[in-house]
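In: okay, structure incoming, though there's no sequence with it:
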């Protein structure tokens, strides 16, 4: 059953204000009242699950290097905040384990997007699951990826976590996969994460009829949020959680609807 309004998930934390995928962005998301956070993970050369969107570090740290070719000790020294503003100078790339510990303390749900070059490896999945188990967060985590094979393989794991398929579009190939999984039992596949512009109202009905939750990315405009709330979207992944929360709450108070 869908909640009375969509759950608001902070995209890479409150990344519209704070530097993405940093503790500053996650702390802000918690203080703004987000239901949860979305974050991205890569594996370092020495096997640490590091929270960063890009495999290449230049955009957010100014360093010409790749996460997969660096040890954690070197990666952890980089400044991942100054690019967003001088007030964030010194913000670091966090370990997944650090973020999960914070989320356990604050009650935040977590969507972990598996990254990788060219795709997520089994070693990355192993590291992520280990961190989630160590943090005792298995009931509050969902894995997602554009690389559907690595997610669906999790059905064969006794220690697997719920998964959601990321997609730019809802094409026929994806529909066939979702229908086939629904018919034989979804297993750990519990959600679909389309780009919000790819979803139509009939798509939303079809996905819910098959038993999938709908988590849309990246929804930043109140008008879009209102439309997807009417369609029964389960979660909206946004760079601006405070904006959407305030809008949806005011709309609900005004007419009794999400």
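Out: Structure received. This is a predicted model, so every value here is computed, not measured.
In: contacts for the longest helix seen in the chain, please.
Out: With DSSP state H setting the assignment, residue counts place helix 241-255 as the longest helix in the chain. Helix 241-255 has contacts (CB atoms under 8 Å, 6 or more residues apart in numbering) with 4-6, 8-10, 14, 16, 29, 32-34, 219-220, 222, 225-226, 229, 236, 238, 257-258. From N, CA and C alone the C-beta is placed, and that goes for glycine too.
In: got the buried residues for it?
Out: Of all the residues in helix 241-255, those buried under the rule 16 or more other CB atoms under 10 Å are 241, 242, 243, 244, 245, 247, 248, 251.
In: cool, stretch 73-81 as well?
Out: In terms of neighbour count (16+ other CB under 10 Å), stretch 73-81 has its buried residues at 75, 76, 78, 79, 80, 81.
In: now render those as JSON lines, adding secondary structure and pLDDT.
Out: Output for the buried residues of stretch 73-81, formatted as JSON lines (DSSP: H, G, I helix; E, B strand; the rest coil; pLDDT from 0 to 100):
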{"residue": "75", "secondary structure": "helix", "pLDDT": "98"}
{"residue": "76", "secondary structure": "coil", "pLDDT": "98"}
{"residue": "78", "secondary structure": "coil", "pLDDT": "98"}
{"residue": "79", "secondary structure": "coil", "pLDDT": "98"}
{"residue": "80", "secondary structure": "coil", "pLDDT": "98"}
{"residue": "81", "secondary structure": "coil", "pLDDT": "98"}
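In: just send those residues back as a markdown table, with distance to residue 25 too.
Out: Converted to a markdown table, these look like this (distance: CB to CB, whole Å):
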| residue | distance to residue 25 |
| --- | --- |
| 75 | 18 |
| 76 | 17 |
| 78 | 16 |
| 79 | 15 |
| 80 | 10 |
| 81 | 9 |
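In: low-confidence ranges in the stretch 51-200 of the chain?
Out: Along the stretch 51-200 of the chain, the model assigns pLDDT under 70 to no residue.
In: can you show me the helices along it?
Out: 58-61, 72-75, 96-106, 122-134, 148-152, 172-184 (DSSP state H, counting those that start in this stretch).
In: now the second one: how far from the chain's centre is it?
Out: Read it as helix 72-75. Between the centre of helix 72-75 and the centre of its chain there are 24 Å (CA atoms, centre = their mean, to the nearest Å).
In: try the fifth one
Out: Using CA atoms, centre = their mean, we find the averaged C-alpha position of helix 148-152 to lie 16 Å away from the chain's own average C-alpha position.
In: before we move on, what about the third one?
Out: From the chain centre to the centre of helix 96-106 is a distance of 14 Å (CA atoms, centre = their mean).
In: equivalent analysis for the fourth one, please.
Out: Average the C-alpha atoms of helix 122-134, do the same for its chain, and the two points are 16 Å apart (CA atoms, centre = their mean).
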